[in-house]
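Visitor: all I have is the shape, not the residue letters:
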């Protein structure tokens, strides 16, 4: 999903895929990336084209700032020699001391202007000037002069520096401490040693003991976790000198971040709540220097980790225990005092009385003696059963209402038949039996209602043709209890495809049909599933063709094409939300149908958009079957509202995702499930935070399908820090990228696409520049580009986001409906699914298929991800590309004909656009289908259809695969290496 624009690199009308300029950087398909530092594989064809540059030793110059008054200038301890951290050895990795314990850095080198390195921490040039500085350097990326040999230099180690003590922007050098033992964690996080009050695992004794201090952040004396890329031009050449193989990549997959869990063992699992940094800034001035978003990604109903489940707690006699002032629910971080008769709220510090039935004695350490019988006091995630005071009406039954387009295009595509068959096959698995209710409306130029009363043998159709004055005939029998009317519902689904098989009506009265469905559902609420196959053409909400005026693209009016044309759909969604109706839109069609307008129904009602362009049941039916079945059968929380509470001095200021905001901090979610996540940004309300720890609590009040009203509560504790380095060290790239994506997509709804892309790049540049300024004070950085180890993948994901279908290029690059559909989807995706969409998996499978079955037990051997570049493709190989939404199976030009015959049979010689990958009675075919099945089982939220591509088959190969190689230069966009050089130059501008 490529295209990146920044300054002169990409214009708003960047052209699409151009197959003639494919880069050639990677040729070894077996690249892997051992965490936390990238190391190239041993053996195989070499990656680099030129010798790795070395650098002459330089003596460490003293810091450019004078030490604080009354403190002698820093002198390195005599005889103390730093030793490199022991990770994977590789030629270009050298120890670069940074902080008191020796730190490590990956030396990679970019062209630099030595005159630009004087630290000017507070100067931020405008983005346009940074762009223009790169226009000249862009042309420099070409091979060196023939026969020119790089000069070999050497690296020496500078004396170790003391760790930074952050005092609001000033640096002091404390006495060096001996290096602590290292315990490398995924992503570069290292558990710090205890210092005074430890920022580590806090025992129950500390937390429950009356008066015990909460964990303290802002720890000094920690090793700096960062990597550096040395980007140095070779004298006499115009080559960047950047070695592409040393660039960081997520080839080991996205390890689930658990920064919070490591420090606070009773926090909820990060799949429910991920903060962009697990270290909250103590002041506004510190926050202003943190240029990444400060916020969280919340997925309240995420599937529990394997082997775990969220405990359900019923306070029958006492009622739910909550703080009487701030309404926080009792959680592992409250403390008990006064011999167990009172408890102190961890968020507002109020002392609350303990109800008599909840009382328990405290032991000598201040712990409740019944602690192990109280899951809410030891687990970060619980479900409380809500008593009647949490209900404004009896809990609603699970309700599914189907609104189906039966116009001629829907009939011809086969959509109606697939939908009817899938609904029928799922009737036994709909949650909430025997309370579940269902209803149906079909429509073309008229609205068709169906009476499915249990006493009937066949459903009765009633047609309403007056679209301007919709009314509901027989309002009591249009929604029926599934267990009572099962036979009538099945008879209707069996007859539905044939009922309209001769229909030639081309019109679509979607707006009036939605109003009719709303009138039927408004008494109870529920989930409305709309199946729309053509652009609405009649009645309220009718739409017209947009986007055919090419003069609009690249102008300030372009964004209007990506927002609803008619306010009807947003207003209708607001009405639906008020009555607890969530809308999911299944959009089909071979022409423009205005996803931007239709999607508003789902966006503002907490729903989801599924888009199937050019749908034909023969080729796309399986995807629709799977995704509709999952939508119908996954556990759903009904009539829900969500609020996120946090400690004094901090609040959530904005929310991003698919929902309707009922008040400043209450999200209305009529139907929510495990596949939906929500972004939120934090702001500080006070100039200075006085507490040492901030607590967050997510509370989702919902009705379970079983009819119980429940409250899902997730609690997490985070330290407050005074050091910007701590914020970087505990940053979470996945959460940052998820918020970046939501903010950039929202920006594209009011600005040009180029502005959205530039905003992502600008924030990455500012963040890396601030990090550089932290270290430029005490270290001569030369041409090295340094970055926090925790954010080593941020530039790559920023590039991938800018090349995603939601943001890349212009009119020629992505169809308008495709762009809007991807944007709606990305706004709701949980972190791991979004990261996989941005940087998909590329796997080589031919070697696995050719091995005898007895040697193929090691299935994980083929799960080695390759860099997303055309250089990873070998013309003798077979590759699978998987972005979580589709597979592309790439057949190399020189792939063994026997292998192709085994997989495709006689279709191996046919044009691949007409071939579907099916199961053949051969061992290789069974093994390939097994590989695809295992990939699908890893995440079943979407179904990946197989697209077959033969090497050189254009434009199919470029459209399906090569445009999605985010590391390559495609269609005038930056490749990964060029992007890093570009970012480095902009960082240097005022570093």
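Guide: Here it is on my side, so go on. Since the structure is predicted, the reported quantities are computational estimates derived from the model, not experimental observations.

Visitor: and residue 681, how many neighbours?
Guide: 17 (other CB atoms under 10 Å). Where C-beta positions appear, they are placed from N, C-alpha and C, glycine not excepted.

Visitor: in three-state terms, label it for me.
Guide: strand (DSSP: H, G, I helix; E, B strand; the rest coil).

Visitor: verify the stated contact: it with residue 298.
Guide: No. Using CB atoms under 8 Å, residue 681 is not in contact with residue 298; the gap is 11.9 Å.

Visitor: quick check, residue 975 in contact with residue 969.
Guide: Yes. Using CB under 8 Å, residue 975 is in contact with residue 969, at 4.1 Å.

Visitor: contacting residues for residue 559?
Guide: 748-752 (CB atoms under 8 Å, 6 or more residues apart in numbering).

Visitor: nearest to residue 705 among the residues you listed?
Guide: residue 749 (34.2 Å; CB to CB).

Visitor: enumerate every residue touching that closest one.
Guide: If you count contacts by CB under 8 Å, 6+ apart, then residue 749 has 559, 562-563 around it.

Visitor: and residue 463, which of the three is it?
Guide: Going by three-state DSSP: residue 463 is strand.

Visitor: again, but for residue 339
Guide: Assignment for residue 339 (three-state DSSP): helix.

Visitor: save the contacts of residue 749 as JSON lines, and put in distance to residue 654 and pLDDT too.
Guide: Putting these into JSON lines (distance: CB to CB, whole Å; pLDDT from 0 to 100) gives the following:
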{"residue": "559", "distance to residue 654": "19", "pLDDT": "91"}
{"residue": "562", "distance to residue 654": "20", "pLDDT": "93"}
{"residue": "563", "distance to residue 654": "18", "pLDDT": "93"}
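
Visitor: before we move on, the earlier item: among the contacts of residue 559, which two are most distant?
Guide: Checking the contacts of residue 559 with CB to CB, the most distant pair is 749 and 752, at 11.1 Å.

Visitor: in terms of helices and strands, where is residue 420?
Guide: Residue 420 belongs to helix 415-426 when assigned by DSSP states H and E.

Visitor: average model confidence for the longest strand along the chain?
Guide: Longest strand of the chain, by residue count under DSSP state E: strand 709-721. Looking at strand 709-721 alone, the average pLDDT works out to 96.

Visitor: next, the distance between the ends of stretch 838-849.
Guide: 28 Å (CA to CA, to the nearest Å).

Visitor: top helix in this protein by residue count?
Guide: Longest helix in the chain by number of residues (criterion: DSSP state H): helix 753-776.

Visitor: can you name the next helix or strand after that one?
Guide: Criterion used, DSSP H and E; the element after helix 753-776 is strand 784-788.

Visitor: and that following strand, how far from the chain's centre?
Guide: For strand 784-788, the separation from the chain centroid amounts to 24 Å (computed by CA atoms, centre = their mean, to the nearest Å).

Visitor: check which helices and strands it sits against.
Guide: Packing partners of strand 784-788 (3 or more CB pairs under 8 Å, 6 or more residues apart in numbering; DSSP states H and E): strand 226-230, helix 753-776, helix 976-988.

Visitor: let me have these in CSV, adding mean neighbour count, mean pLDDT and distance to residue 319 as columns.
Guide: Output for the helices and strands packed on strand 784-788, formatted as CSV (neighbours: other CB atoms under 10 Å; pLDDT from 0 to 100; distance: least, CB to CB, whole Å):
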stretch, mean neighbour count, mean pLDDT, distance to residue 319
strand 226-230, 27, 70, 50
helix 753-776, 23, 92, 46
helix 976-988, 25, 92, 55
